[in-house]
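Colleague: Sequence first, predicted model second:
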Amino acid sequence: MNDSERNPADPARIAALEHKITRLEKINRALMSRVERSTNSIGDSYSMFVHNLTLQRHVEQQTRELQESNQRLQKALSDLQSAADQMIENEKLAALGSLVAGIAHEVNTPLGISVTAASHLEELTRTLSAHFAAGTMKKSDLAHFIGSGQEAAQIILANLARAENLIQNFKKIAVDQFSENWQTVELESCLKDIVVSLTPRLGKTKTKVSIQCPDTLRINTMPGALSQIFANLVANSLIHGFGEGQEGEIVIAAKVKKRGVVLTYADNGKGIPDKNLGKIFDPFFTTTRGKGGSGLGLHLVYNIVTRSLKGSITVRSKPGEGVKFTLFLPDCALIPDASPATAEER
Ligand SMILES: Nc1ncnc2c1ncn2[C@@H]1O[C@H](COP(=O)(O)OP(=O)(O)OP(=O)(O)O)[C@@H](O)[C@H]1O
Ligand SMILES: [Mg+2]
């Protein structure tokens with residue numbers, strides 16, 4: 001038997017017990033706080049789990065919505081595409097319609113004048129033959145018939161020629177006339193030949209034409225198409241650009257860009273006012289209606305460049321500063337790999 005068993009009220013035993021109790025309380029508090037912490041952390045994990053779940057549902061919902069709206073967009077895009085195709089078709093038809101209407105209108109005038117002059121001629125003939133049949137024909141009747149008849153015949157011929165010219169130009173627009181005529185040519189000599197072929201027109205004027213083109217440049221093109229293009233551009237410079245007796249200058253230049261060729265045509269004539277600049281390639285746009293212009297020249301040039309040669313054409317001009325046409329003919333330059341000059345331009 002020890003002391004404490006022997007005496008429970010022993011102060012030493014009480015102190016030892018108190019000490020034990022304090023320690024147990026401490027442990028208890030520590031445990032309690034641990035339990036509290038883990039409960040909190042479980043709570044945090046749970047709320048995180050709930051949060052994640054909500055987020056996941058939200059993302060799933062948004063993905064679904066996005067997929068739906070994507071499908072709607074794709075449908076709208078394909079609707080738009082077919083609407084655009086339809087519009088292009090309609091536009092083509094409308095352009096063709098207005099071209100045909102324009103031709104009909106343009107051809108109608110000279111034909112109308114010809115019909116009037118032909119009826120006048122018929123009237124003259126009928127009157128003369130009546131006089132002749134009645135034996136009353138005078139010398140003056142015959143003189144009148146000859147004078148007026150000749151005048152009527154000239155009017156008829158001139159107007160029929162104009163109508164024929166319009167129809168010819170119209171045919172050039174409608175038919176891809178150069179499609180089988182691709183050739184390899186030396187561009188500089190080709191341009192020189194074209195200018196020489198225009199001497200009958202140029203010779204009557206004081207116009208100077210210069211050509212700036214690398215002498216080694218060979219291109220794959222349709223010389224007939226180039227000839228048509230420059231014939232129209234030169235005719236326009238002479239008719240619209242240069243005034244009577246003006247010493248006009250025309251510069252035709254060629255440069256290689258990638259494997260394409262940039263051709264520029266510039267004159268130092270009157271230039272084109274801003275309000276007309278956007279219309280000059282339109283069929284029937286002319287500032288010389290009634291004085292020989294039909295407004296088909298540049299439309300033809302535009303079609304040859306874009307359709308036959310698969311290139312592009314732009315124009316820059318200011319009144320008083322001449323005009324500059326820039327043509328780009330893609331993928332036509334034959335560049336010898338060994339040539340340092342052309343390699344530089346590449
Ligand atoms: N070099 C130029 N200088 C000034 N104006 C020009 C020049 N080239 C074209 N134009 C203007 O553009 C218009 C349209 O030219 P386009 O060649 O299509 O028709 P046109 O010459 O009037 O008639 P067509 O060529 O059918 O006989 C001309 O009427 C003219 O006003
Ligand atoms: Mg013209």
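Modeller: Now that the structure is in, tell me what you want to look at. Ligands and ions are numbered 1, 2, ... in the order given.
Colleague: And the residue of the stretch 1-150 of the chain closest to ligand 1?
Modeller: Ligand 1 sits closest to Glu106 of the stretch 1-150 of the chain, with a gap of 9.7 Å, by Cβ to the nearest ligand atom. Backbone N, C-alpha and C define where each C-beta goes, glycine included.
Colleague: Just checking: what are the partner strands of the helix or strand where Asn220 lies?
Modeller: Element membership for Asn220, per DSSP states H and E: strand 218-221. Each strand paired with strand 218-221, and its direction, by DSSP bridges: strand 183-186 (antiparallel), strand 333-334 (antiparallel).
Colleague: Among those, show me which one is buried the most.
Modeller: Burial of those is given as mean neighbour count (mean count of other Cβ atoms under 10 Å); strand 333-334 ranks first at a mean of 18.
Colleague: Gln212 against Val262, yeah?
Modeller: No. The pair Gln212 / Val262 is not scored as a contact, 11.8 Å apart, by Cβ atoms under 8 Å.
Colleague: Identify the contacts common to the two.
Modeller: Contact criterion Cβ atoms under 8 Å, 6 or more residues apart in numbering; residues shared by Gln212 and Val262: Ala254.
Colleague: These two: which is more packed in?
Modeller: Val262 (15 against 12; other Cβ atoms under 10 Å).
Colleague: which secondary structure elements does the helix or strand encompassing Ala266 contact?
Modeller: Secondary structure assigned from DSSP H and E places Ala266 in strand 260-267. Contacts defined by 3 or more Cβ pairs under 8 Å, 6 or more residues apart in numbering; DSSP states H and E place strand 260-267 against strand 249-257, strand 323-329.
Colleague: so which of those comes closest to ligand 2?
Modeller: For those, proximity to ligand 2 was assessed by Cβ to the ion; strand 323-329 is nearest, at 11.9 Å.
Colleague: could you check the angle strand 260-267 makes with the closest one?
Modeller: Orientation note: strand 323-329 sits at an angle of 160 degrees relative to strand 260-267 (axes from the mean of the first three to the mean of the last three Cα atoms, to 10 degrees).
Colleague: helices or strands next to strand 323-329 in the packing?
Modeller: By 3+ Cβ pairs under 8 Å, 6+ apart, strand 323-329 packs against strand 260-267, strand 312-317.
Colleague: circling back: ok, the strand holding Ala266: who's next to it in the sheet?
Modeller: Assessed with DSSP bridges, strand 260-267 is paired to strand 249-257 (antiparallel), strand 323-329 (antiparallel).
Colleague: Quick one: mean pLDDT over that strand.
Modeller: Computed over strand 260-267, the mean pLDDT rounds to 97.
Colleague: and what of stretch 23-30?
Modeller: The average pLDDT for stretch 23-30 rounds to 88.
Colleague: With stretch 285-302 instead?
Modeller: On average, stretch 285-302 scores 87.
Colleague: which outside residues touch the strand holding Ala266?
Modeller: Strand 260-267 is touched from outside by 187, 217, 219, 230, 233, 237, 241-242, 248-256, 311, 322-333, with contacts defined as Cβ under 8 Å, 6+ apart.
Colleague: that older thread, now the strand holding Asn220, how far from the centre of its chain.
Modeller: 24 Å (Cα atoms, centre = their mean, to the nearest Å).
Colleague: can you list contacts of that strand?
Modeller: With Cβ under 8 Å, 6+ apart as the test, strand 218-221 has contacts from 182-187, 190, 261, 309, 329, 332-334.
Colleague: now stretch 117-127
Modeller: Stretch 117-127 has contacts (Cβ under 8 Å, 6+ apart) with 141, 144-145, 148-149, 152-153, 155-156, 159.
Colleague: swap the cut-off to 10 Å and go again
Modeller: 137, 141, 144-160 (Cβ atoms under 10 Å, 6 or more residues apart in numbering).
Colleague: Among these, which are located in helices?
Modeller: Among the contacts of stretch 117-127, DSSP state H puts 141, 144-160 in helices.
Colleague: Tell me the spacing between Ser227 and ligand 1.
Modeller: 15 Å (Cβ to the nearest ligand atom, to the nearest Å).
Colleague: For the stretch 51-200 of the chain, which segments count as helices?
Modeller: 139-174, 187-197, 199-202 (DSSP state H, counting those that start in this stretch).
Colleague: about what we covered before: distance from the chain centre to the next helix or strand after the strand holding Ala266, please.
Modeller: Counting by DSSP H and E, the next helix or strand C-terminal to strand 260-267 is helix 274-277. Centroid separation for helix 274-277 versus its chain: 17 Å, with Cα atoms, centre = their mean.
Colleague: List the buried residues for the strand holding Ala266?
Modeller: Residues 260-261, 263, 265-267 are the ones in strand 260-267 that count as buried (16 or more other Cβ atoms under 10 Å).
Colleague: Can you tell me which of these are also in contact with ligand 1?
Modeller: Asp267 (Cβ under 6 Å from any ligand atom).
Colleague: Show me the shaky parts of the chain.
Modeller: Along the chain, segments meeting pLDDT under 70 span 1-9, 91-92, 95, 173-180, 336-346.
Colleague: Quick check: Ser33 is in a strand.
Modeller: No. Under DSSP: H, G, I helix; E, B strand; the rest coil, Ser33 sits outside any strand and is assigned helix.
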